[in-house]
Every structure is written in C-alpha cells, then in structure tokens.
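**Q** here is a sequence together with a model predicted from it:
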Amino acid sequence: MAARPRSPLPPPAPPSRREILCRSALGIGGIAAALLAAGEPATAESPALLSIDPLRPLAPRPPHRSGKAKNLIVLYQYGGPSQVDLFDRKPLLETLAGQPVPDSIKGISDQVGGVINHCKDSLLCPPWSWRQYGESGLWVSDRMPATAEHADRLCVVRSMHGDSSNHAPATYQMNTGSILGGKPSLGSWLTYGLGSENANLPGYVMLFEVGGLGGSANWSNAFLPAAYQGTRFRHDGPALANLEPPPGFAPVQRSTLDLTQAFNRGHLAARPGQADLEGRIATYELAYRMQAEAADVGDLTDESAETLALYGVDDPHRPTASYGRMCLLARRLVERGVRVVQLYNAVDKYGWDGHDKSHEFHERNSRQTDGPTAALLADLSRRGLLDETLVVWGGEFGRTPMEQGDGGRNHNPYGFTVWLAGGGVNGGRVIGATDEIGLRAVEDRQHVRDLHATILAAFGLDHERLVFPHDGRDERLTGVLGAARPIAGVLG
C-alpha cells in the first residue's frame with residue numbers, strides 16, 4: 001500500500017502580545033545602552049549591569065574593591081528595641097524620672113506624626129542599672145550582660161534615624177531601603193552583587209518563627225532575578241520540608257528532571273531574556289542539589305554538648321532555645337558558604353513592642369536573645385569566622401524616652417541604636433549620639449540608607465555602582481538620589 005502523504009506542519013503560532021513587548025523592550029534597551037555607552041565611556045567607577053550566567057546565577061563574583069566581609073548575619077530585633085533601655089544610657093532620665101519633657105525637646109516638630117503627641121508629658125526612667133564593659137568602657141544595661149562581654153567587638157551607632165513610625169513601612173526600610181513594599185531586600189542585593197560560595201544551598205536564607213510585619217516583601221527579590229530572593233529554612237527539625245522524594249520516584253528523579261530541563265531550555269532558546277523561565281531552570285537544579293546539603297544543615301548531632309549549651313538550644317525557656325537554635329543554624333550556614341542569613345527574634349506578634357509595661361517586654365526579649373547573641377559572636381570568633389562574617393543587630397526603630405500608656409514607650413524613628421561586629425568592623429567604638437533624653441539623633445546622624453551603604457562597603461561593594469535597570473532608571477539599594485554614604489569610622 002502506498003504511504004499516505006503527510007500533511008504539512010501547521011505554521012508557527014504568531015508571538016503573543018507579551019512576547020512582542022518583551023522582545024521590543026529588550027531591543028530598545030540595547031539601543032539605549034549602546035547610545036549611552038557611545039556618549040559616556042565606561043570607567044572603573046561607572047555603574048554597570050553585572051554579567052550573570054542565568055543558569056548559574058549564584059556563581060561567585062568579585063566585588064568592586066577589596067572588602068573583609070564574605071558573609072552577613074542580620075539579627076533582626078522585631079518590634080523596636082528601646083535604645084535608652086539597652087545601649088544608649090541617659091543619666092538625665094534617672095534624674096528627671098516622672099517629670100515633664102524639657103522645653104528644649106517639646107519645641108521640635110513631630111515630622112512623621114503620632115510619636116510625641118501620643119505620649120504623656122512624663123519621662124520614663126529605665127528600671128535597671130548600667131555598667132561599663134571592656135577596654136572601650138562601653139555602657140550597656142544589665143538587660144544585655146552576655147552581649148556586653150563582647151563590648152570591644154561592637155561598633156555601636158547611636159544616631160540612626162528613619163522615615164516611618166509604623167512597623168511595616170519601617171521594617172521595609174530597614175530591609176529594602178524604602179518604606180514602600182516592592183523593592184529588593186539587602187540580602188537580595190548582596191547575592192545579586194556577589195553570588196554565593198555554595199552552589200548547593202540558597203545564597204540568602206531566612207530563619208524565623210514570626211517574620212517582620214509586612215511579610216515576604218521584607219526578603220523579596222522584587223525586580224531582581226528570582227534566584228536572589230530569600231529562602232526560609234526551618235529552625236526546628238528538617239531545614240526544608242519534603243526534601244526526600246517518595247521511595248518509588250527516587251531512582252528516576254534525576255532522569256525526570258533532565259527531561260523537564262531539556263524542555264525548559266528548548267523553550268528558553270526560542271524566547272531569550274525570559275527571566276522567570278531562567279529562574280525556574282536554575283531553581284529546579286538548586287532544589288535537586290539541596291536535598292543532601294540542606295538536610296545536613298539542620299542536623300545538629302555533630303555539634304558538641306558544649307556548643308549546644310553555649311547557644312541555649314536545650315534551654316527550658318522555649319523562646320531562648322528557639323533563638324539559640326536559629327543563631328547556631330546561622331553559624332552553620334555561613335560556615336557552608338551561604339552569603340546572607342537573617343533571623344528574627346519574635347515568637348509572637350509583639351517582639352520588643354512594649355506600648356504598656358515596656359520593661360516586661362524588654363526583660364522577656366533580652367532573656368530570649370542576649371545569651372544566644374553572645375554565643376554566636378564567641379563561636380564565630382573561635383572558629384576563625386568572625387573576621388569575614390559581618391553581624392548586624394537592630395530593629396526597625398527605637399522607643400521614646402517619654403511614657404506611653406502604663407509604663408510603656410512609643411515607636412521612635414528619630415534616634416535609635418544598631419550595632420555591628422566582625423567583617424572588618426572597628427570594635428569598641430561608639431558613633432553618634434542622641435539628645436540628652438535619647439529622643440533624637442543629634443550628633444553624626446545616620447540614615448538607614450547610610451547603614452546599607454556601610455554594609456555593602458564591608459563586602460567591597462560600592463553602593464553607587466551596584467545597580468539594576470528597572471522602569472527606565474538604574475535602581476540601587478540606597479536609592480537613586482545619591483544621598484547615602486558609608487558611616488565613617490565603622491570599617492577599618
């Protein structure tokens with residue numbers, strides 16, 4: 001029987017509107033880039049889009065210049081810890097306890113609104129004592145005695161200020177540089193700029209029971225490629241759920257993935273520049289490689305009894321044990337080459353947020369965090385990791401020195417404290433100051449964007465040159481206005 005003639009293949013489907021827009025945008029962008037390059041020759045100081053292999057987006061990349069830090073651990077203090085109760089001693093609060101706010105303070109406007117007017121005209125004295133620690137003589141309250149033993153490792157910035165007195169916008173700003181959601185986080189910018197040192201784990205890991213108010217926008221990659229978003233690890237039990245495939249699928253898992261990836265790469269070849277597809281291909285491979293290594297991270301059986309006790313992993317006070325395990329996992333992650341680890345202290349929706357009975361909130365949260373924080377600094381140091389690991393402690397804002405409610409303190413973005421250690425930081429140093437009652441930063445004032453510029457500089461990244469084109473302009477972690485600068489004196 002004669003073979004039946006084959007019907008001709010149907011013509012290819014016309015491109016969708018989305019594909020037309022995407023391709024034309026890429027072409028126009030290329031033309032614009034060429035014109036700009038022709039009119040303004042590139043220099044060593046010019047911002048430039050990084051050359052990134054879309055299938056290996058976490059491959060290590062060199063910084064703009066030498067930097068001592070290789071890894072970052074952010075100890076985020078959810079809820080707003082009080083600077084005047086922990087690291088910013090104000091003897092005048094003891095002298096004027098219960099008295100009206102000085103006239104020199106009352107006359108200053110409340111720019112963000114609701115901070116001063118929602119407080120009583122009465123100063124609230126911290127109900128605990130203070131001591132000086134280390135050769136530097138750093139003043140620390142007795143709420144943080146274990147952390148205080150590392151006084152000569154800490155660079156305490158007492159003159160921070162931000163732009164919002166509400167938790168979510170202020171948390172966004174501390175994490176992304178903007179009080180509005182939708183911007184890439186600090187961890188995303190760092191992994192975009194430098195990649196990571198471990199191809200089998202995410203470059204940016206989150207550890208928390210209760211994350212920052214505003215949710216995942218605090219660790220989002222936003223308009224950066226998807227590989228740079230934060231990945232949440234569990235801090236109790238297996239680091240990730242569903243790591244092991246069902247027994248019947250284990251023998252064919254690799255071949256199944258290879259087939260899927262072949263289809264994905266073929267689809268990508270016909271549609272170059274599809275960032276979401278590139279991210280999916282890279283993520284599938286990372287997920288496959290993570291199965292063994294992520295399971296190892298969460299397995300603490302290789303840690304000594306002394307180390308577990310140091311971090312308080314078995315402390316009968318559950319919040320301390322929880323925070324201690326997160327701090328220990330942070331050390332294990334950076335030890336394995338993860339670029340950024342961020343953990344949150346909160347075990348409820350309040351954290352440090354004591355609008356009433358502030359001292360009870362601070363007793364509870366310092367009990368939870370002080371010992372594990374000190375353990376992390378000590379353990380990083382004895383393992384030779386502290387010199388290359390930058391540790392940053394702070395919340396979204398501080399608290400008012402005036403009383404609110406029944407012995408509470410209101411939010412205060414006008415003057416608060418953060419501290420940094422390791423990663424090339426000049427320890428045993430205090431930078432800046434608040435006024436005589438601790439309300440506003442008045443000496444060597446530092447905006448949140450300056451803190452971000454400092455963190456990038458510790459890694460050898462120039463905050464002005466770390467850019468990503470989005471919506472027609474070069475976006476930066478520190479904003480497009482050029483108003484940021486690294487904090488003088490923090491880095492050696």
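**A** Thanks, I have the structure now. Numbers count the residues shown, from 1 in each chain.
**Q** least trustworthy helix or strand in this protein by mean pLDDT?
**A** One helix or strand of the chain scores below all others by mean pLDDT, DSSP states H and E: helix 17-39, with a mean of 43.
**Q** where along the stretch 151-300 of the chain do the strands fall?
**A** Ranges of strands within the stretch 151-300 of the chain are 155-161, 204-207, 231-232, based on DSSP state E, counting those that start in this stretch.
**Q** mind checking which of the ones you listed is nearest E464?
**A** Closest to E464 of those is strand 155-161 (CB to CB; 21.0 Å). C-beta: built from backbone N, CA, C; applies to glycine.
**Q** now do the contacts for L491.
**A** Contacts here follow CB atoms under 8 Å, 6 or more residues apart in numbering; on that basis L491 touches 68, 424-426, 454, 457-458.
**Q** any quick ChimeraX command for the buried ones out of those residues?
**A** Selection of buried members from the contacts of L491 for ChimeraX, criterion 16 or more other CB atoms under 10 Å:
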select :68,424,425,454,457,458
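**Q** quick check, nearest of the contacts of L491 to T320?
**A** Nearest to T320, judged by CB to CB, of these is V425 at 26.0 Å.
**Q** surely that closest one and V490 touch.
**A** Yes: counting by CB atoms under 8 Å, V490 is a contact partner of V425 at 6.0 Å.
**Q** what's the neighbour count on the closest residue to R153 other than its chain neighbours?
**A** The shortest distance from R153 to any non-neighbouring residue, by CB to CB, 6 or more residues apart in numbering, is to G427 (4.2 Å). Neighbour count for G427, taken as other CB atoms under 10 Å: 21.
**Q** same check, this time on L456
**A** Using other CB under 10 Å, L456 has 30 neighbouring residues.
**Q** let's verify the residue lying closest to A170 once chain neighbours are set aside: helix, strand, or coil?
**A** In space, and not counting its chain neighbours, A170 is closest to E396: 3.7 Å by CB to CB, 6+ apart. Classification of E396 using DSSP: H, G, I helix; E, B strand; the rest coil returns coil.
**Q** V448 against Q173, yeah?
**A** Yes: proximity of V448 to Q173 meets the contact threshold set by CB under 8 Å, at 5.3 Å.
**Q** narrow the contacts of L491 to those in helices?
**A** Counting by DSSP state H, the part of these found in helices is 454, 457-458.
**Q** picking that back up, quick one, which of the strands of the stretch 151-300 of the chain is packed in tightest?
**A** Among these, strand 204-207 has the highest mean neighbour count (mean count of other CB atoms under 10 Å), at a mean of 26.
**Q** check what contacts that one and list those residues.
**A** 185, 187-188, 190-191, 196, 219, 228-233, 235, 326, 329-330, 333, 338-344.
**Q** for that strand, the distance to its chain's centre please.
**A** Distance of strand 204-207 from the chain centroid (CA atoms, centre = their mean, to the nearest Å) equals 9 Å.
**Q** next, count neighbours for the residue nearest to A170.
**A** Using other CB under 10 Å, E396 has 34 other residues around it.
**Q** pLDDT of stretch 353-370, averaged?
**A** Confidence for stretch 353-370, expressed as mean pLDDT, is 97.
**Q** next up, the contacts around W219.
**A** Going by CB under 8 Å, 6+ apart, W219 touches 175, 185, 187-188, 204, 206, 211, 229-230, 342.
**Q** just the helices in the stretch 101-250 of the chain please.
**A** For the stretch 101-250 of the chain, the helices defined by DSSP state H, counting those that start in this stretch occupy 103-106, 145-148, 167-176, 186-194.
**Q** looking at those, which is nearest to R382?
**A** Comparison of the helices of the stretch 101-250 of the chain against R382 by CB to CB identifies helix 145-148 as nearest, at 15.5 Å.
**Q** send the alpha carbons of the closest one over as PDB?
**A** What follows is helix 145-148, C-alpha atoms only, in PDB (Å, rounded to 0.1, in the frame of the first residue of the first chain):
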ATOM      1  CA  PRO A 145      25.100  41.300  80.200                       C
ATOM      2  CA  ALA A 146      26.300  38.400  77.900                       C
ATOM      3  CA  THR A 147      26.400  40.600  74.800                       C
ATOM      4  CA  ALA A 148      28.200  43.300  76.800                       C
END
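**Q** for stretch 212-229, which positions count as buried?
**A** The neighbour-count check on stretch 212-229 (16+ other CB under 10 Å) flags 212-214, 217-222, 224-229 as buried.
**Q** mean confidence score for it?
**A** 94.
**Q** export the helices of the stretch 101-250 of the chain to CSV and tack on distance to L300?
**A** As requested, the helices of the stretch 101-250 of the chain are arranged in CSV below (distance: least, CB to CB, whole Å):
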stretch, distance to L300
helix 103-106, 49
helix 145-148, 21
helix 167-176, 28
helix 186-194, 24
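**Q** following the least confident helix or strand of the chain, which helix or strand shows up next?
**A** Of the helices and strands lying after helix 17-39 in sequence (DSSP states H and E), the nearest is strand 71-76.
**Q** and that next one with helix 186-194, angle?
**A** On the basis of axes from the mean of the first three to the mean of the last three CA atoms, to 10 degrees, strand 71-76 is oriented at 170 degrees to helix 186-194.
**Q** before we move on, the earlier item: joint contacts of V425 and V490?
**A** C155.
**Q** ok, back up a step: which two in the contacts of W219 are spaced the farthest apart?
**A** Across the contacts of W219, the longest distance by CB to CB is 15.2 Å; it joins S188 and G211.
**Q** which parts of the stretch 301-450 of the chain are strands?
**A** For the stretch 301-450 of the chain, the strands defined by DSSP E, counting those that start in this stretch occupy 340-344, 389-394, 398-399, 411-412, 416-421, 429-431, 433-434, 441-443, 446-447.
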